[in-house]
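1. Predicted model, plus sequence, below.
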Amino acid sequence: MANGLEFAMPIALRTDFDFSAVRAAARRSKDGGQARRLLALAAIYEGSSRTEAARIGGVTLQIVRDWVVKFNATGPEGLIDRKAPGKPALLNATHRAALVEAIERGPIPAAHGVVR
């Protein structure tokens, strides 16, 4: 290619779905984000470019690629928004129970330097 740049071939969409099946899944979806992602993928099934699918989905080409990977792995369910796992808790159940007990007991004036 020009300037020595080569582009990788896009990841193919799974073959057990087609344009109408993906569009039908988007209509049935109760999740707006999932429906938007499915409509972008339906456009690819219909023959649109990945760039056009990114425009439909309001995202970059890399995000469309991520959607294709998720869709290929688990179907339409893979495109549902999920809560991020977040940071694991610092206290386990035993520590939380001990903390609740200490709070319920209240301060010890001699040990904690509490005047009132």
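-> The structure has been received and is ready for your questions. Remember, it's a predicted structure, so these values are computed and weren't measured experimentally.
2. what about residue 111, distance to residue 104?
-> Using CB to CB, to the nearest Å, residue 111 is found at 16 Å from residue 104. In short, each C-beta sits where N, CA and C put it, glycine included.
3. I meant residue 72, not that one.
-> Applying CB to CB to residue 72 and residue 104 gives a distance of 53 Å.
4. quick one, which of the two is more surrounded?
-> Between residue 72 and residue 104, counted using other CB atoms under 10 Å, residue 72 has the larger neighbour count: 16 against 7.
5. correct me, but that one touches residue 11?
-> Yes - when contacts are counted by CB atoms under 8 Å, residue 72 is listed as touching residue 11 (7.1 Å).
6. what's the burial count for the closest residue to residue 29 other than its chain neighbours?
-> The spatial neighbour of residue 29 that comes closest, neighbours along the chain excluded (CB to CB, 6 or more residues apart in numbering), is residue 35 at 4.2 Å. Other residues within reach of residue 35 by the criterion other CB under 10 Å amount to 18.
7. Checking residue 35 next. Helix, strand or coil?
-> Local secondary structure at residue 35 is given as helix here, using DSSP: H, G, I helix; E, B strand; the rest coil.
8. Kindly state the pLDDT recorded for it?
-> Among the per-residue scores, residue 35 shows a pLDDT of 95.
9. Could you do residue 111 as well?
-> So, for residue 111, pLDDT stands at 78.
10. What distance do you get for it to residue 21?
-> In this structure, residue 111 and residue 21 are 68 Å apart, going by CB to CB.
11. Have a look at those two and say which one is more surrounded.
-> Looking at residue 111 and residue 21 with other CB under 10 Å, you find the greater number of neighbours at residue 21, namely 15 against 7.
12. State the phi and psi torsions of that one.
-> When quoted as degrees, to the nearest 10, the phi and psi of residue 21 stand at phi -70, psi -40.
13. wait, doesn't residue 44 sit right on residue 53?
-> Yes - under the contact definition of CB under 8 Å, residue 44 touches residue 53, with a separation of 5.0 Å.
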